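**Student:** here is a sequence together with a model predicted from it:
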Amino acid sequence: MSHLTTDKTTGPIRRCDEKDFNVIYAIINDAASAYKGVIPSDCWHEPYMSKEQLRREIDDGVVFWGYEDNGILDGVMGIQDVLDVTLIRHAYVRTLKRNKGIGGRLLRHLCAQTTRPILIGTWAAAVWAIGFYEKHGFQTVSQEEKNRLLKKYWKIPARQVETSVVLAQSSVSKRA
């Protein structure tokens with residue numbers, strides 16, 4: 001079952017499956033090249049995300065959705081229910097396809113998939129990502145709240161907690 005959704009607000013978005021694994025991996029590592037030299041060097045890896053890490057994320061419940069154009073995935077974004085919230089995870093668009101509305105379409109589609117509070121974590125140095133999420137109605141939470149939320153809902157190293165931000169929809173962090 002392809003779960004393909006096509007309309008004027010979301011575009012050609014479908015749930016990814018096992019056959020998409022290598023393409024998801026390629027999109028993540030292509031798009032994540034934007035972080036090189038921006039995030040702390042001790043947080044950068046080549047590749048940015050290994051196949052083993054991607055497999056663990058999927059095994060931990062991250063469900064990827066993709067924006068497909070002419071049979072080719074151009075962007076992916078994951079969604080993961082954790083405890084009483086939904087996390088948006090691993091949002092990436094191919095470098096050559098950026099700034100065409102793909103990320104916004106994916107985000108709107110995933111937000112429509114849940115009635116739970118939505119949280120998003122990203123690198124504090126990735127100002128373009130923070131701006132993207134703010135443009136779509138998310139707000140950066142306080143440092144204290146960020147630390148609490150990252151420890152409660154994410155499985156990430158302490159160094160990543162130090163160098164990240166969390167964004168939430170209005171008043172979500174109060175309920176999470």
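**Tutor:** Looks like it arrived, so ask away.
**Student:** okay, CA-based contacts and neighbour counts for the rest of this
**Tutor:** OK.
**Student:** mind listing the strands for this structure?
**Tutor:** Assigned by DSSP state E, the strands in the chain fall at 13-15, 63-69, 72-82, 85-93, 118-123, 138-140, 164-169.
**Student:** can you give me the pLDDT of the residue nearest to Lys36 when sequence neighbours are not counted?
**Tutor:** Nearest non-adjacent residue to Lys36, counting by CA to CA, 6 or more residues apart in numbering: Trp44, 6.6 Å away. Note for Trp44: predicted pLDDT of 94.
**Student:** again, but for Gln169
**Tutor:** So, for Gln169, pLDDT stands at 88.
**Student:** now do Thr6
**Tutor:** The predicted local confidence for Thr6 is 44.
**Student:** to Ile28, which of the strands of the chain lies closest?
**Tutor:** Among the strands of the chain, the nearest to Ile28 by CA to CA is strand 85-93 (5.7 Å).
**Student:** and that closest one, which strands flank it?
**Tutor:** Using DSSP bridges, strand 85-93 pairs in its sheet with strand 72-82 (antiparallel), strand 118-123 (parallel).
**Student:** quick one: contacts of the shortest one?
**Tutor:** This means strand 118-123. When contacts are defined by CA atoms under 8 Å, 6 or more residues apart in numbering, strand 118-123 is touched by residues 39, 85-89, 111, 129-130, 150, 160, 163-169, 172.
**Student:** one more: the longest one?
**Tutor:** Here strand 72-82 makes contact (CA under 8 Å, 6+ apart) with 23-24, 27-28, 61-68, 86-94, 97, 102-103, 106-107, 110, 153.
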